[in-house]
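Starting from these lines, generate the structure:
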Amino acid sequence: MHLARVDGDHDRRIGFVVARSVGPAVTRNRVKRRLRHLVRERIDALPESALLVVRAQPAASSASYGELGAALDRCLHRVLEA
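Just a heads-up that it's a prediction; the model follows:
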(Lines give C-alpha, C1' and ligand atoms only; values in the text may rest on other atoms or scores of the structure.)
Protein backbone atom coordinates (compact mmCIF):
# COMPACT_ATOMS: atom_id res chain seq x y z
CA MET A 1 0.00 0.00 0.00
CA HIS A 2 1.24 3.47 -0.83
CA LEU A 3 0.10 6.44 1.26
CA ALA A 4 0.30 9.74 -0.53
CA ARG A 5 -0.58 13.32 0.16
CA VAL A 6 -2.58 14.76 -2.70
CA ASP A 7 -1.56 18.16 -4.12
CA GLY A 8 -0.55 19.99 -0.96
CA ASP A 9 -3.36 18.61 1.16
CA HIS A 10 -1.45 18.25 4.42
CA ASP A 11 -4.07 16.56 6.58
CA ARG A 12 -5.78 14.16 4.20
CA ARG A 13 -3.97 10.93 3.36
CA ILE A 14 -5.03 8.47 0.67
CA GLY A 15 -3.66 4.96 0.18
CA PHE A 16 -4.09 2.68 -2.81
CA VAL A 17 -4.05 -1.12 -2.73
CA VAL A 18 -3.90 -2.79 -6.12
CA ALA A 19 -3.14 -6.48 -5.68
CA ARG A 20 -1.72 -8.90 -8.23
CA SER A 21 -5.21 -10.30 -8.73
CA VAL A 22 -6.00 -7.12 -10.69
CA GLY A 23 -3.52 -8.11 -13.39
CA PRO A 24 0.08 -7.71 -14.50
CA ALA A 25 2.17 -4.71 -13.41
CA VAL A 26 1.19 -2.56 -16.40
CA THR A 27 -2.51 -3.06 -15.66
CA ARG A 28 -2.08 -2.48 -11.91
CA ASN A 29 -0.19 0.76 -12.55
CA ARG A 30 -2.85 1.98 -15.01
CA VAL A 31 -5.61 1.25 -12.47
CA LYS A 32 -3.65 3.04 -9.74
CA ARG A 33 -3.08 6.11 -11.95
CA ARG A 34 -6.77 6.28 -12.80
CA LEU A 35 -7.82 5.92 -9.18
CA ARG A 36 -5.32 8.57 -8.08
CA HIS A 37 -6.71 11.01 -10.63
CA LEU A 38 -10.31 10.22 -9.67
CA VAL A 39 -9.57 10.77 -5.98
CA ARG A 40 -7.94 14.13 -6.74
CA GLU A 41 -11.21 15.24 -8.35
CA ARG A 42 -13.12 14.29 -5.18
CA ILE A 43 -10.64 15.28 -2.46
CA ASP A 44 -12.69 18.28 -1.29
CA ALA A 45 -15.54 15.96 -0.29
CA LEU A 46 -13.34 14.33 2.37
CA PRO A 47 -13.04 15.68 5.90
CA GLU A 48 -9.85 17.64 6.69
CA SER A 49 -8.15 14.83 8.61
CA ALA A 50 -9.35 11.92 6.46
CA LEU A 51 -7.40 8.72 6.03
CA LEU A 52 -8.79 6.84 3.02
CA VAL A 53 -7.66 3.49 1.63
CA VAL A 54 -8.87 2.64 -1.87
CA ARG A 55 -8.63 -1.06 -2.72
CA ALA A 56 -9.02 -2.05 -6.35
CA GLN A 57 -10.99 -5.20 -7.11
CA PRO A 58 -9.99 -7.46 -10.03
CA ALA A 59 -12.85 -6.06 -12.13
CA ALA A 60 -11.11 -2.66 -12.07
CA SER A 61 -8.69 -3.91 -14.73
CA SER A 62 -11.42 -3.97 -17.38
CA ALA A 63 -13.51 -1.06 -16.09
CA SER A 64 -13.65 2.18 -18.03
CA TYR A 65 -12.64 5.48 -16.46
CA GLY A 66 -16.32 6.39 -16.04
CA GLU A 67 -17.13 3.07 -14.40
CA LEU A 68 -14.25 3.47 -11.94
CA GLY A 69 -15.45 6.98 -11.13
CA ALA A 70 -19.02 5.80 -10.54
CA ALA A 71 -17.82 2.96 -8.28
CA LEU A 72 -15.62 5.37 -6.32
CA ASP A 73 -18.55 7.78 -5.93
CA ARG A 74 -20.76 4.98 -4.57
CA CYS A 75 -18.11 3.95 -2.06
CA LEU A 76 -17.39 7.50 -0.93
CA HIS A 77 -21.11 8.15 -0.54
CA ARG A 78 -21.43 5.07 1.70
CA VAL A 79 -18.43 6.08 3.80
CA LEU A 80 -19.36 9.75 4.17
CA GLU A 81 -23.02 9.09 4.95
CA ALA A 82 -22.27 6.47 7.64
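
From residue 42, how far out is residue 81?
With distances taken as C-beta to C-beta, to the nearest Å, residue 81 is found 14 Å from residue 42. (Each C-beta comes from the backbone N, C-alpha and C, glycine too.)

cool, and residue 28?
21 Å.

neighbour-wise, which of those two wins?
Neighbours were counted for residue 28 and for residue 42 using other C-beta atoms under 10 Å; residue 28 has more, 19 against 13.

What confidence value was assigned to the more buried one?
Listed pLDDT for residue 28 reads 97.

Do I have it right that it meets residue 18?
Yes: if you go by C-beta atoms under 8 Å, residue 28 and residue 18 touch, sitting 4.5 Å apart.

Let me see the ranges of the helices in the protein.
25-42, 65-81 (DSSP state H).

Which residues does stretch 57-68 contact?
Residues outside stretch 57-68 that contact it (C-beta atoms under 8 Å, 6 or more residues apart in numbering): 18, 21, 22, 23, 27, 28, 31, 34, 35, 38, 71.

Any chance of these in TSV with distance to residue 57 as columns?
Shown next, in TSV, are the contacts of stretch 57-68 (distance: C-beta to C-beta, whole Å):
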residue	distance to residue 57
18	10
21	8
22	8
23	11
27	13
28	12
31	10
34	13
35	11
38	15
71	9
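
Please produce a ChimeraX select command covering the buried subset of the residues you listed.
In ChimeraX syntax, the buried subset of the contacts of stretch 57-68 is picked out as below (16 or more other C-beta atoms under 10 Å):
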select :18,22,23,27,28,31,34,35,38,71
